[in-house]
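*Asks:* Sequence first, then the predicted structure:
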Amino acid sequence: MGSDTGEARLLRRNAALLPSTAISDLKSAVKCQVVVKGEAPEDIYRAAIHRFNNAVVEEAEIVVFCQSEADVAAVLKYAQTWKLDFTIACGGHSYYGASSTKSLVLDLSKMNKVTIDKDTMTITAQGGCRAIDLETPLQVEGLSVVMGAANDTGIGGLTLGGGSGFLSGQHGLVIDNLVAAKVVIANGDALVCSETENQDLFWGIRGGGSNFGVVIEFTYRIHEQGDVFFGPLVFTPDKIEPVLGLLTNLQAIVDEAGGRLAIFVALGKGPGMPSAHPIILIFYDGTEEEARKLTASIWDLEPIVSMAKMQPYADITKPSDLTNGPPSHQYYAPSNALMYTPPDTEVIQTLINDFDAFMTKYGAAVAPSKIAMELRSYKKSSSVSPTATALAARRPAVMTVVEAQFDNSVDAELMRQEVSAMISKVREATRKEGLTKGGAEFLNANIAEKNEKVQNMFGENLPRLREVKRKYDPDFIFDKWYPIPPA
């Protein structure tokens with residue numbers, strides 16, 4: 001890793017080079033694996049920097065796989081001593097690359113222990129866990145926890161960004177089920193925060209991301225859980241208009257189902273299809289008979305393929321070829337807009353037309369790309385005030401996502417520009433609608449672009465967040481996830 005001058009390649013925040021002796025200092029300061037570029041075997045190094053989204057992988061100079069609170073504190077001290085740019089990694093599932101850097105990565109993935117307490121109906125998980133680490137043991141006990149739609153997602157980024165999933169209609173967002181957390185802040189102190197302890201920090205991490213420290217432990221409420229009815233229905237392109245015609249009625253049905261029903265309407269361009277076509281994913285926490293009765297209008301459109309069936313809850317969040325696409329197309333450029341309910345079908349039709357043109361223009365290179373709209377009940381999550389936690393985006397909405405999924409034959413930045421151009425029309429229409437409804441422009445941070453405005457993420461909560469930032473991170477060392485400058 002050294003150079004002819006005895007200095008490492010690792011750039012510090014002041015553009016100075018890190019002395020090569022400093023690497024030895026780091027290894028002495030921690031009791032865990034330290035992977036150094038150019039020193040570690042290539043396969044180990046590549047595994048250390050691997051991310052869900054190949055489009056955002058950066059070649060870090062150092063990856064530290066922390067295994068304890070002391071390791072985390074030591075890395076934070078080291079980064080500040082040498083003025084190193086660094087980032088935090090948990091599951092590596094950030095779409096826009098928040099867990100990647102060319103400098104130093106503080107990786108929590110080895111901290112993955114969980115403890116279930118059935119007496120208090122809580123589960124405590126270390127900060128490096130993925131959703132699967134919680135969902136699998138809970139399933140055995142007939143229990144569940146609110147997580148996202150994919151069990152390979154790290155719980156850290158998911159939770160700190162707010163987090164929603166199939167169970168949010170019944171139990172609220174991930175942060176609404178967070179009971180407590182342990183956070184290592186910039187000065188190395190480990191603070192427990194909850195509604196009764198370090199309340200300002202607890203408020204800030206629930207939607208404010210990794211702006212305040214490294215969360216090394218989460219405690220969540222858990223819930224009794226039975227089997228669910230779940231799976232996709234595939235329709236031909238001629239069913240786009242009838243599907244759009246159902247959206248308002250389907251949202252009403254979802255709202256009346258007590259949070260147990262969620263419907264996801266996607267549009268893609270599958271093999272053999274001449275143009276974009278609908279795929280409807282049904283989730284129902286109940287019996288198949290009840291699910292089919294509630295969604296009868298969807299079945300009346302005669303899907304050409306149905307894979308919906310009763311199954312254990314923990315099985316529905318497992319990655320599959322259907323959701324992940326081929327190994328050659330693991331490059332992503334997504335963005336989203338939170339449309340008002342009911343959604344404006346004219347705006348959606350314009351988006352579909354743009355998406356169809358995008359698919360035709362780039363062909364096989366972007367084959368797994370999709371548009372998706374989430375219809376779920378917001379009764380539970382919107383009952384929480386937008387100022388009760390750092391997450392301001394709580395109004396009832398139809399989250400609309402455009403996701404370009406592509407291979408390495410096309411430029412990632414070009415794909416981001418294409419997606420931004422498509423979703424910007426939806427956002428502008430939503431902004432104008434908000435002027436008459438008194439709303440604001442909010443986004444889902446976990447499926448957003450890298451260049452989003454912090455004001456749009458946090459809205460009226462930003463001034464308070466800046467005060468919390470000044471208290472816990474006055475030197476602004478946590479600056480990778482929609483960075484909030486100290487007040």
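*Replies:* Nice, I can see it.

*Asks:* Leaving out sequence neighbours, find the closest residue to Lys102.
*Replies:* Take Lys102 and drop its neighbours on the chain: the residue closest to it by CB to CB, 6 or more residues apart in numbering is Glu58, 5.0 Å away. C-betas here are computed from N, CA, C, even on glycine.

*Asks:* That neighbour: neighbouring residues, count only.
*Replies:* Per other CB atoms under 10 Å, the neighbour tally for Glu58 reads 15.

*Asks:* Could you do Ile49 as well?
*Replies:* So Ile49, with other CB under 10 Å, has 21 neighbours.

*Asks:* Just read off the phi/psi values of it.
*Replies:* When read as degrees, to the nearest 10, the backbone of Ile49 gives phi -100, psi 0.

*Asks:* Now do the contacts for it.
*Replies:* Listed by CB atoms under 8 Å, 6 or more residues apart in numbering, the contact partners of Ile49 are 57-60, 63, 100, 105.

*Asks:* and what of Arg376?
*Replies:* 164, 168-169, 254, 259, 261-263.

*Asks:* Next step: those restricted to strands.
*Replies:* Members of those lying in strands (criterion: DSSP state E): 261-263.

*Asks:* and which of those is nearest Ala397?
*Replies:* Ala262 (13.3 Å; CB to CB).

*Asks:* The closest one reaches Phe166, doesn't it?
*Replies:* Yes. Between Ala262 and Phe166 there is a contact under CB atoms under 8 Å: 5.8 Å.

*Asks:* who touches both of those two?
*Replies:* Between them, Ala262 and Phe166 share the contacting residues Phe283, judged by CB under 8 Å, 6+ apart.

*Asks:* which helix of this structure spans the most residues?
*Replies:* helix 412-437 (DSSP state H).

*Asks:* Go through the contacts of Ile49 and name the one nearest Val384.
*Replies:* Using CB to CB, the contacts of Ile49 come closest to Val384 at Ser100, 32.0 Å.

*Asks:* And the closest one, how close does it get to Leu84?
*Replies:* Noted for Ser100: a distance of 15 Å to Leu84, by CB to CB, to the nearest Å.

*Asks:* neighbours around Ser144, how many?
*Replies:* 26.

*Asks:* ok, back up a step: thought the residue nearest to Lys102 was touching Gly97?
*Replies:* Yes. Under the criterion of CB under 8 Å, Glu58 makes contact with Gly97 at 7.0 Å.

*Asks:* Between those two, which contacts overlap?
*Replies:* By CB under 8 Å, 6+ apart, no residue touches both Glu58 and Gly97.

*Asks:* Is Leu391 in a helix, a strand, or coil?
*Replies:* coil (DSSP: H, G, I helix; E, B strand; the rest coil).

*Asks:* Near it, how many other residues are there?
*Replies:* Using other CB under 10 Å, Leu391 has 29 neighbouring residues.

*Asks:* check contacts around it.
*Replies:* Shown in contact with Leu391 (CB under 8 Å, 6+ apart): 162, 173, 175, 206-207, 461.

*Asks:* And those, which is closest to Lys309?
*Replies:* Closest to Lys309, out of all of the contacts of Leu391 and judged by CB to CB, is Leu173, at 27.4 Å.

*Asks:* check contacts around that closest one.
*Replies:* The contact partners of Leu173, taken as CB under 8 Å, 6+ apart, are 146, 162-164, 381, 391.

*Asks:* Asn53 versus that one, what's the distance?
*Replies:* Distance from Leu173 to Asn53, counting by CB to CB: 23 Å.
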